[in-house]
Each structure stands twice: as structure tokens, then as C-alpha cells.
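>>> just to be clear, the model below is a prediction. Sequence and coordinates:
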Amino acid sequence: MILSKRLVPADKSAKLSFMKRNKPEATLIYPVFIPMQGCPMHCIYCDQYQITGEAEQGRADVAGAREFLLRNKGRKRQVAFYGGSFTALSQEQRERLIQPLWEALDGHCSLRISTHPLYIDEDILRWCKDWRISTIELGIQDFSDEVLAAVGRGYSCRDAKQAALMVKEQGFELGIQLMPGLPGWTRESIRHNHTVVRAIKPHLLRIYPCIVIKGTPLERMWQEGRYQALELEEALAQSADWQQLCHQEGIRLIKLGIPSNLAPSEIAAGPWHPAFGQLVQAELLVRTLQRQYSPGSTILLDKNSWNLIVAHKGFYHKILMNRMPGCILVRQ
């Protein structure tokens, strides 16, 4: 974060302007939700109908995707199937979802799927290539064997790593979805997850800190005292660690926090916040200030940094004062 204003030299300004004009075209993404479809088990923390805000997927979603493809001809675009385990569906079901899109696909578009790591093999990946799927996101949730056993995912760290590496080695864009704060997590399991992700180096990463959704088995565990939900500050700290790791490793962090279309009334406990991503940026800013200043210092903040610290009723202002007592903040 910039703590003081600096002028950009004219030649550098021109270079930045050139880079902006030649920035790669963004890919338009149209989501099609298939909540719970193909999932081999009902995970203790999950209710995709609540998370996506969708009832069971109907043909209208695919029809909307086809219109999207036709409406944006010539632009980079992708239809993404979210919410279920796509490759766990039968081949007939998979092709029934994609077939209505087929004539609308051209050289500028592709498909993205989200799936379960146990439903990845050579035959599945060959089929995915034939059906224009270029991005595969694996809902791994955690690479710790202890955590995976605690939530009944049905696979080991070794299985998950093997699936991820197979996807990447076959030339697909690999995405990994992780869920900090699941039952059984420890500081050691966090370090293990960092080590594994550094080794795999996926192209994309999503971080969904665990939320206790009403009506799930996890809610019963929480009510009975067998599970302690993550506090918001802890979830923000873990997410900031992931963002720093992604920056170091060249991994695109494409989501922080549970999808915003989950109704707050359906959350029993956990680190949900409507501006979760913004709070993560505030955590990173505070870490920068801790490196640059000592307790009792006068800290100069530009407008953007000031807003991050004082937003949401001063949530991170309190945290900063606790970590660096006696500091005085001055807005430039």
C-alpha cells in the first residue's frame, strides 16, 4: 500500500499506458449451477442449494448459457458448471448438459467444470478434451489426511495430489478449492496445505473458509460442542496467508470467502462477512504497517489505505491498535 504520494516519471507513465492498452482480453464467464448433482456423498458442511441460491438445475440455465455464447460472438468466453461433481455424472448426463451449447461454441470459448478428485482418470480427461473443457477445478477442501477423514471426504492427500497433477499434466487449467477451518484442522495441517499447494502450483485457487450452514451435520456438531467454528479474525489471517503465498508462487487467487448469494439467515456460525475480501486486504495492509513502523509511531495513510482501516465500523483500526499500541494514524 502507498503511504505517501509519488509522481510517476513521464516515460514510465507512457509505458504503463501502453501496457494497459495491450492488456489481455478478459474472459467472460457464464455460471451454470448444478447443485449437488453427481456428488458421491453429502459432505457434513455442505448445502449447495443454500450456497448457490439455486434449486436443482433445469434446462433454463443451459439455455441462458447458449444465449450468452451467441450474444458475445468473437469474445473470449467460458461456460462454467458449478456446484456439483461434473465428472461423477454419467456420460449421458454430462453430454446432455453440454450438447445444447455445442453449436454456439467457437474458437473463442471453452467450458469449465468443478468436480470431485476421485472422479479424475485418463478416460475422463480424454473425454473432457473432446468436449471442449479447458478448466477443471477440484473441490479438494484440504490436503490433510486427518481433516479429510474427519469430514468424510473419502480420499487421502495422496489421492487428491494425484488427481491435481494429472489434470495439470494433461494440459488443463487447474483450479483447486480449499476450505480452511474444517473439523480437525491444526497449525500443522495449515503448513502442510501450504507445502502441497506450493508443490502442485495450480493455476487457480479458491479459498472458502468453513461456514456452518443451518440444517447440515456440521451444525449439529457445532451445537453439541464437537466443532468450534473459525472466528472472523482467524479466517482473515489464514486467507491473507494464502494470498501472500499465491503472490509468491504466481497462482491466481480467484475467490476469497463463501459466495455472497448465501443468505445470512442460513448461517449458524462461522466467519461470514459481506466484505470478506476487503477485510483480507486490510489484514495485509496492517501487516505491511507492522513491518514499516514501530509501536507509538505516527502512521501516514493515503486515502485508500485509510478507508481500508476505518471501514466496517473500524474493524481493522481496533486490530491495528491492539498490534501496535500508541500509534497515531494521519490521513494524507
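Sure, I can see it.

>>> can you list the weak-confidence ranges in the chain?
Applying pLDDT under 70 to the chain picks out residues 1-24, 36, 38-43, 46-60, 259-261.

>>> which strand runs longest in it?
Across the chain, the longest stretch assigned as strand under DSSP state E is strand 133-141.

>>> same for the next helix-or-strand element following that strand, what does it pack against?
Sequence order places helix 145-151 as the next helix or strand after strand 133-141, per DSSP states H and E. Here helix 145-151 touches strand 133-141, helix 157-169, going by 3 or more C-beta pairs under 8 Å, 6 or more residues apart in numbering; DSSP states H and E. Any C-beta I mention is one placed from the backbone N, CA and C, and that applies to glycine too.

>>> the same query, at a cut-off of 7 Å, please.
Helices and strands touching helix 145-151, as assessed by 3 or more C-beta pairs under 7 Å, 6 or more residues apart in numbering; DSSP states H and E, are absent.

>>> contact partners for residue 293?
Shown in contact with residue 293 (C-beta atoms under 7 Å, 6 or more residues apart in numbering): 299, 324, 327.

>>> please apply the same query to residue 278.
By C-beta under 7 Å, 6+ apart, the neighbours of residue 278 are residue 311.

>>> distance from the chain centre to whichever helix or strand it is part of, please.
Using DSSP H and E, residue 278 sits in helix 276-292. Taking the mean of its C-alpha atoms, helix 276-292 sits 19 Å from the chain's own mean (C-alpha atoms, centre = their mean, to the nearest Å).

>>> next secondary structure element downstream of that helix?
Sequence order places strand 298-301 as the next helix or strand after helix 276-292, per DSSP H and E.

>>> that following strand: partners in the sheet, and parallel or antiparallel?
Here strand 298-301 has these sheet partners by DSSP bridges: strand 328-331 (parallel).

>>> which residues are in contact with the strand it pairs with?
Applying C-beta under 7 Å, 6+ apart, the set of residues contacting strand 328-331 from outside is 298-301, 306, 309.

>>> now do the helices in the stretch 201-332 of the chain.
Remark: helices assigned in the stretch 201-332 of the chain by DSSP state H, counting those that start in this stretch are 217-223, 232-249, 276-292, 303-323.

>>> can you put those in a markdown table and add distance to residue 90?
A markdown table is the format used below for the helices of the stretch 201-332 of the chain (distance: least, C-beta to C-beta, whole Å):
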| stretch | distance to residue 90 |
| --- | --- |
| helix 217-223 | 27 |
| helix 232-249 | 35 |
| helix 276-292 | 36 |
| helix 303-323 | 46 |
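
>>> for those helices, which one sits closest to residue 267?
helix 217-223 (9.7 Å; C-beta to C-beta).

>>> give the buried residues for that closest one.
Neighbour-count burial for helix 217-223 flags 218-219, 221-222 (criterion: 16 or more other C-beta atoms under 10 Å).

>>> so how far is that helix off the chain centroid?
For helix 217-223 - counting by C-alpha atoms, centre = their mean - the centre lies 24 Å from the chain centre.

>>> who touches that helix?
44-45, 183, 212-213, 227, 229, 268-269.

>>> now the residues you listed as CSV including neighbour count?
Listed next are the contacts of helix 217-223 as CSV, based on neighbours: other C-beta atoms under 10 Å:
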residue, neighbour count
44, 18
45, 23
183, 20
212, 23
213, 24
227, 22
229, 22
268, 16
269, 19
